[in-house]
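> Task: produce atomic coordinates for the following.
(chains A and B)
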2 protein chains.
Amino acid sequence: MSDLTVYGNVFSQPTRSVLTFCRLSGIEHTHKDLNFLKGEHMSKEFTLINPFQAMPAIVHGTFNLWESAAIVSYLADAYNVDNQWYPKDFKIRARINAYLHWHHQGTRGSIVNYLVAKLFAPKFGAPELTEETEAPYKAKLEEWYQTFTWLLSETHYVARTNMPTIADVFAYNEVFNALPIMNLDAHPAIKAWFDEISAVPIIREIGQEAQEVYRKFLA
Amino acid sequence: MSDLTVYGNVFSQPTRSVLTFCRLSGIEHTHKDLNFLKGEHMSKEFTLINPFQAMPAIVHGTFNLWESAAIVSYLADAYNVDNQWYPKDFKIRARINAYLHWHHQGTRGSIVNYLVAKLFAPKFGAPELTEETEAPYKAKLEEWYQTFTWLLSETHYVARTNMPTIADVFAYNEVFNALPIMNLDAHPAIKAWFDEISAVPIIREIGQEAQEVYRKFLA
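Just a heads-up that it's a prediction; the model follows:
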């Protein structure tokens, strides 16, 4: 048994990014699924691991850590990772980190709130969005399409690298979950990038696992 | 002349965090001030350095980079930094990075929008907040006080370290700018932490420079 445990559900975009990084880097780990619909992320046991009660979190030996991008960076140090996804070249890492810091307000801030308000909140009793209440979310997403297209324009990857990196994986996972509210056909550069990342076998595999959970959730 | 240039205004919290990190780590740099009131961050010249037109950004030799926390991490690599503010111990760095990733939505998300809506937007023609429009901002700030107090409860520092780190500097700079809308007296743990960080000579010095700009802006 590995001394690294990753806690979280494949439905969670950042959990998927951490699991994907482990698999892409050959980092042995135990994945402990958390059923968030049953509130397992709020259990006493998990709260000791991440008092924020957010997914993912890891325990490595006796060391606990949360925040997906910090976890990736930690694992790269702990397991001496130097691959295309998170190369040791510190200029490339800097560009990856710059994207990952922008990602919170830039990508997640533009997508996740809309996704929750449009698809998930009504399942828990919130009113359906109206044309009027949906408008500000739509405007923000439109702005994101423009910015993201520009981001991709330099090298075709989000961190201005010559190959896809873990930054692309983080961005990809957000778009993946948000496909029901997106229209990638109207944004060919984003669509081409999305399809390219989708085609990476390990990413496709984890995507299929997520799809299963997603289908059940939206059913 | 140094081959490192830091672009930004001391009024900008993340710019101050990068400048503070340089001074605390003895990293020689040229500081190129950007007068954002005159729109200098939107100039053609600066847009080439940071197409997002956001402060701070750096040019190191021929390498350009943005996003303050990614800049700190890059400078630590480039200048081989290993001090209390960003130690090489990768478990400590991981905790610092975890705070810095949380910081975007956690601290900035709870403070900056309120600050802008309450103090700055009305200076540029937006309506003053009413009791009703202010309520959601206030609620978010109240929640932040609770979370931040809890964050500090483990070791008295935001990244669960035994000494103040650059994570504390990032958090401190946000609180510093937001003092006019905050009530630290009601939150003694945050107040004690704030006063301790304030007392670090280099931090106090940069704070005084910021105060000057701030005073002119609010005048």
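
> The longest helix seen in chain A and chain B in contact?
The single longest helix within chain A, with elements called by DSSP state H, is helix A:131-153. Yes. Residues of helix A:131-153 are located near chain B by Cβ under 8 Å from any Cβ of the partner chain, namely A:Trp150. For every residue, glycine as well, the C-beta is placed using N, CA and C.

> Report all helices and strands that that helix contacts.
With contacts defined as 3 or more Cβ pairs under 8 Å, 6 or more residues apart in numbering or on different chains; DSSP states H and E, helix A:131-153 has these neighbours: helix A:109-115, helix A:188-198.

> between the ones you listed, which gets nearest to chain B?
Minimum separation from chain B across those (Cβ to the nearest Cβ) falls at helix A:109-115, 7.3 Å.

> and the closest one, what other elements does it pack with?
Using 3+ Cβ pairs under 8 Å, 6+ apart: helix A:109-115 touches helix A:131-153, helix A:166-178.

> ok, now with 10 Å
helix A:13-24, helix A:131-153, helix A:166-178 (3 or more Cβ pairs under 10 Å, 6 or more residues apart in numbering or on different chains; DSSP states H and E).

> after the shortest one comes which helix or strand?
Heading C-terminal from helix A:13-24, the first helix or strand you meet, by DSSP states H and E, is strand A:30-32.

> Can you tell me the strand partners of that following strand and which way each runs?
Strand A:30-32 sits in its sheet next to strand A:4-7 (parallel), going by DSSP bridges.

> List the buried residues of the strand it pairs with.
Within strand A:4-7, the residues scored as buried using 16 or more other Cβ atoms under 10 Å in any protein chain shown are A:Leu4, A:Thr5, A:Val6, A:Tyr7.

> same thing with stretch A:94-114?
Across stretch A:94-114, burial judged by 16+ other Cβ under 10 Å covers A:94-104, A:106-112, A:114.

> where's the residue of chain A most remote from its centre relative to B:Phe46, distance?
Distance from the centre of chain A peaks at A:Glu132, with 28.9 Å (Cα atoms, centre = their mean). For A:Glu132, the distance to B:Phe46 (Cβ to Cβ, to the nearest Å) stands at 38 Å.

> do the same with A:His101
Counting by Cβ to Cβ, the gap from A:His101 to B:Phe46 is 19 Å.

> got it, and A:Asn35?
48 Å.

> between those two, who's got more neighbours?
Neighbours around A:Asn35 and B:Phe46, counted as other Cβ atoms under 10 Å in any protein chain shown, are more numerous at B:Phe46. The numbers are 20 against 11.

> Now that one: which helix or strand?
In the assignment (DSSP H and E), B:Phe46 maps to helix B:44-49.

> do that helix and chain A meet at all?
No. No part of helix B:44-49 sits near chain A under the criterion Cβ under 10 Å from any Cβ of the partner chain; the closest distance found is 11.6 Å.

> which other residues reach that helix?
With contact meaning Cβ atoms under 10 Å, 6 or more residues apart in numbering or on different chains, helix B:44-49 is reached by B:5, B:7-8, B:32, B:34, B:39-41, B:43, B:53-55, B:57-59, B:64-66.

> Of the residues you listed, just the buried ones, ChimeraX syntax please.
Buried residues among those (16+ other Cβ under 10 Å), as a ChimeraX selection:
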select /B:5,7,8,32,34,40,41,53,54,55,57,58,59,64,65,66
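
> quick one: strands adjacent to whichever strand or helix holds A:Leu65?
Assigned by DSSP H and E, A:Leu65 belongs to strand A:63-66. Within its sheet, strand A:63-66 is paired with strand A:57-60 (antiparallel), according to DSSP bridges.

> Averaged over its residues, which helix or strand of chain A has the lowest pLDDT?
Using mean pLDDT, DSSP states H and E, the weakest-scoring helix or strand in chain A turns out to be helix A:201-218, at a mean of 90.

> ok, and for that one, which residues are buried?
Neighbour-count burial for helix A:201-218 [16+ other Cβ under 10 Å]: A:Ile203, A:Ile206, A:Gly207, A:Ala210, A:Val213, A:Tyr214.

> Can you add distance to chain B and give these back as CSV?
Output for those, formatted as CSV (distance: Cβ to the nearest Cβ, whole Å):
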residue, distance to chain B
A:Ile203, 22
A:Ile206, 21
A:Gly207, 24
A:Ala210, 22
A:Val213, 24
A:Tyr214, 23
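
> can you list the domains in chain A?
Using automatic domain parsing, the domain ranges for chain A come out as A:4-78, A:90-218.

> how far is the shortest one from where the chain is centred?
Which is domain A:4-78. 12 Å (Cα atoms, centre = their mean, to the nearest Å).

> Could you do the last one as well?
Centre-to-centre, domain A:90-218 and its host chain are 8 Å apart (Cα atoms, centre = their mean).

> Same question for the helix holding B:Phe46: list its buried residues.
Of the residues in helix B:44-49, B:Phe46, B:Ile49 count as buried by neighbour count, 16+ other Cβ under 10 Å.

> Minimum distance to B:Leu151: which of the helices and strands packed on helix A:109-115 has it?
Closest to B:Leu151 of those is helix A:13-24 (Cβ to Cβ; 19.5 Å).

> Mind listing residues that contact stretch A:124-133?
A:Tyr114, A:Val116, A:Ala117, A:Lys118, A:Leu119, A:Phe120, A:Ala121, A:Pro122, A:Glu134, A:Ala135, A:Tyr137, A:Lys138.

> Make a markdown table from those and add pLDDT to it.
Shown next, in a markdown table, are those (pLDDT from 0 to 100):
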| residue | pLDDT |
| --- | --- |
| A:Tyr114 | 96 |
| A:Val116 | 94 |
| A:Ala117 | 95 |
| A:Lys118 | 95 |
| A:Leu119 | 91 |
| A:Phe120 | 88 |
| A:Ala121 | 92 |
| A:Pro122 | 92 |
| A:Glu134 | 96 |
| A:Ala135 | 97 |
| A:Tyr137 | 96 |
| A:Lys138 | 97 |
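
> Residue ranges in chain A under the pLDDT threshold?
A:1, A:218-219 (pLDDT under 70).

> One more pass at 90, please.
Residue ranges of chain A with pLDDT under 90: A:1-2, A:36-38, A:120, A:123-124, A:213-219.

> Just say helix, strand or coil for the nearest residue to A:Glu154 once chain neighbours are set aside.
Leaving aside its chain neighbours, A:Glu154 sits nearest to A:Arg160 (5.0 Å; criterion: Cβ to Cβ, 6 or more residues apart in numbering or on different chains). Under the three-state scheme (DSSP: H, G, I helix; E, B strand; the rest coil), A:Arg160 adopts coil.
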